[in-house]
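Peer 1: just to be clear, the model below is a prediction. Sequence and coordinates:
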Amino acid sequence: MSGSTTCVEAAHYYLSAIRAKLRLNAFVDIYEEELLERAAALDKKRSSGAPIGKLHGVITGIKDVICYKGHKVTAASRILHKFTATYNATAVQKLLDEEALIIGSLNCDEFAMGSSNENSFYGNVLNALDEGRVPGGSSGGSAVAVQAGLCMVSLGSDTGGSVRQPADFCGIVGLKPTYGRISRYGLIAYASSFDQIGIFANNVPDVAAVLQVISGNDDFDSTASAISPDEYTFDTPSTGTYKIAYFKEALEHPSLDQEIAGTIKSFINNLPTQHFKVRAISFDLLDYIVPAYYVLTTAEASSNLSRFDGVRYGYRTNDDMADLTEFYKDTRSAGFGKEVKRRIMLGNFVLSSGYFDAYFTQAQKVRKQLSDKTALIFNDFDAILLPTVPSTAFKIGEKKDDPIAMYLADIYTVFANLTGIPAISIPLFRHSNGMPFGLQIMTYRFSELSLLSLSHQLMNVSRQDLHQSTNP
Amino acid sequence: MQVTDKLVEDLANLSRLSFNEQEKEEIKKDLQKMISFVNKLNEVNTDGVEPLLHMTDAVNVYREDIVQGSMRKEEALLNAPAADGNYFKVPKVIKK
C-alpha cells in the first residue's frame, strides 16, 4: 500500500468486502466510523511529509480476546458479551503506535476453546473456500478475514494450535511465536503458560512485519522476554544449508489422512539436497502430548476462568438470590457455553486432592521430558517439519458431539505450546477434495528469524515446483 | 476410573457450576471419556523427572517501582453489572 492509493481508499475497499461477505460471520464488531477517521488522519499526516509508521495504513483485524480500549471484547462468550475494554493490550498499543488501522474484532471459539469455531456465542464462522466446512479454530474469524480478503493481516491467539490449525484449513500463513515473544497483557487468558498471540497473513514477509512491531518486553507482562525482536529481511535468499528433522511416528500416524502423509513425504524427499539435509527421527512421546496438553490447559483454564463471578464485570444472573454460592453458580452456568464448562470441570478434577499427582504433576513431568527432548533435537537440527493437522477442514457439525475426536485433531500443534517453541503453518498444498492444507515448521525458542526465512524459502521452492509441473 | 454422580456434583460445586439432570448425565459421560483419555499419561515412565513449572528461564524480572497501568475508579466500575458509584454491589451475604 504505497503511493498509488490512500488509507481512506483502502479502508473503504475492505469495509465493502466485509459487507459483501457478512454471511461468513468472521467479524463480531466492525469499527467503520473510527476506521475512516483514523485513515483520513493518516493520509493527512503522510501528505504533510511527516515520517510514517512501520505499519502505516495496514488494515488489521483482531481476535475477540484481545483488548482494544473503548471497544467491546467478549471472548465470544455470553458471560462477557457486554464487556468494554478499559485498556489496550500491549500488542494493540504497538499496532496503533506504528499506524496500523484496526478494522474490527473477529469471531472465535468461546474463550479460545475449540478447533472449529462452532463454540461461539455469535455462531459458526464459515470457511470461505467451502461454506459447508469449518474454518478451524479457535481463531476461525481471524483466519477467514485474511482468507476472504476482509483485512490485510489479523491477530489471533494460539494455546494449542488456534492460529496454525485455522491457517491450515483456510490456506493462509499462521504463526505462533515463541512463548514470551509477544506480551500477553490485554489478552484474555485461557491457559497462561501456553497462550501466545499469533499472526495471520497471506505471506511470510507480512507476518514478519507485524511480529517485529508487536514483539518485545513489557512492564505489564513479566513473561514477555527481554530478548530483542529480530530485524527480518527477505531480500537476499539464504545460501546456507538447513538441517531438518521430521518425526517418523507423525507421518505414519493412523489418524493422518493418507493423501496428506504422501504429499508431505514427497515434498520433504524432493527438497533440493544442496540446501536441505533432511532426516527422519523417532519421537516416541507423540501419543502423550494431547493428553498432557488437556490436563495442563484445563487446569490453568479452571483457575483463570474463576474470575468470572458476575460481580465486577460480565453477565450477572438475577441477584435477588438468597445465597451467594447459588448466585455464582447461576451466573456462571448461564454465562459459559458447553465446551468451556467441560474444560473447567476436567481442570478442577485434575487439580483436586487425590488426583493432583496422578494427573497434574504427571503432566508437568511429561512436559519436562518433552521440553528436554526438544532441546536435544535442536542441538542437531535447525528445524522440525510436521503436518499442521491430520485432515483438511471438516464439515460443520461433523465432530461437534465428540470432544475426544476434536481434541485428537490437535496432535501436531500442541507440541509447540507444550515446549514454548515458535511454529508456523504455511499453505503449500491442495488436497484432491479441493481443500488446502499446510506444512508446519518449528525452530528452537526465539529462533523466529530462522523460522521465517526458512518458511519464506519453502514457499518459494513450492512455487517453483508448481511452476515446473504445470510447464513441463 | 469410574465417574460417579458424587464426583460430578463435587466438581460442579468446586467449579461453581450447576447442571440439571439431563446436563448432569451428559457431563458425566463427557468426563468419563475425557478422564479415560488423559489416563494414557500414566503409561509414561517419569521416575526422577522434575515437573516443569515455568516456561521461561527468566528469574526475578525487576523494574523501577513506578506507579503505572492503574485505572480510574469510574473506568474500573464501567463494566460492573451493579455499582453505586464507589462500590461494586453484590447480593446480600449476611443473613439475619
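Peer 2: Thanks, I have it. Residues are numbered from 1 along each chain as shown, chains lettered A, B, ... in the order given.

Peer 1: what sits closest to residue 69 if chain neighbours are left out?
Peer 2: Going with chain A. Nearest residue to A:Lys69 in three dimensions, chain neighbours excluded: A:Asn88, at 4.7 Å (C-beta to C-beta, 6 or more residues apart in numbering or on different chains). C-betas here are computed from N, CA, C, even on glycine.

Peer 1: nope, chain B
Peer 2: That would be A:Phe220: by C-beta to C-beta, 6+ apart, it lies 5.6 Å from B:Gly69.

Peer 1: phi, psi of the residue nearest to A:Lys69?
Peer 2: phi -90, psi 140 (degrees, to the nearest 10).

Peer 1: ok, the most centrally placed residue in chain B to B:Ile94 distance?
Peer 2: Chain B has B:Ser15 as the residue nearest its centroid, 7.0 Å off, counting by C-alpha atoms, centre = their mean. As judged by C-beta to C-beta, to the nearest Å, B:Ser15 and B:Ile94 stand 25 Å apart.

Peer 1: and if you look at A:Tyr288?
Peer 2: For A:Tyr288, the distance to B:Ile94 - C-beta to C-beta - is 50 Å.

Peer 1: ditto for A:Gly171
Peer 2: Where B:Ile94 is concerned, A:Gly171 sits at a distance of 59 Å (C-beta to C-beta).

Peer 1: more neighbours: the two, which one.
Peer 2: A:Gly171 (24 against 4; other C-beta atoms under 10 Å in any protein chain shown).

Peer 1: list the contacts of the more buried one.
Peer 2: A:Leu129, A:Gln147, A:Pro427, A:Arg430, A:Met435, A:Pro436, A:Gly438 (C-beta atoms under 8 Å, 6 or more residues apart in numbering or on different chains).

Peer 1: pretty sure the third one sits against A:Asp168.
Peer 2: Yes. In this structure, A:Pro427 is within contact of A:Asp168 by C-beta atoms under 8 Å, at 7.5 Å.

Peer 1: phi, psi of the residue of the stretch 1-150 of chain A found nearest chain B?
Peer 2: Going by C-beta to the nearest C-beta, chain B is nearest to A:Thr86 of the stretch 1-150 of chain A, at 4.7 Å. Recorded main-chain torsions at A:Thr86 are phi -100, psi 0, according to degrees, to the nearest 10.

Peer 1: buried set for the helix of greatest length in chain B?
Peer 2: Secondary structure of chain B per DSSP state H: the longest helix is helix B:21-38. Of the residues in helix B:21-38, B:Glu23, B:Ile27, B:Lys28, B:Asp30, B:Leu31, B:Gln32, B:Met34, B:Ile35, B:Phe37, B:Val38 count as buried by neighbour count, 16 or more other C-beta atoms under 10 Å in any protein chain shown.

Peer 1: ok now it, how far from the chain's centre?
Peer 2: Averaging C-alpha positions (C-alpha atoms, centre = their mean, to the nearest Å) puts helix B:21-38 18 Å from its chain's average.

Peer 1: what's next to it, contact-wise?
Peer 2: By C-beta under 8 Å, 6+ apart, the list of residues contacting helix B:21-38 from outside reads A:291, A:294-295, A:341-342, A:345-346, A:349-350, A:359, A:363, A:403-404, A:407, B:1-3, B:5, B:7-8, B:11-12, B:19.

Peer 1: mark which of the residues you listed are buried, thanks.
Peer 2: A:291, A:294-295, A:341-342, A:345-346, A:349-350, A:359, A:363, A:403, A:407, B:3, B:7-8, B:11-12, B:19.
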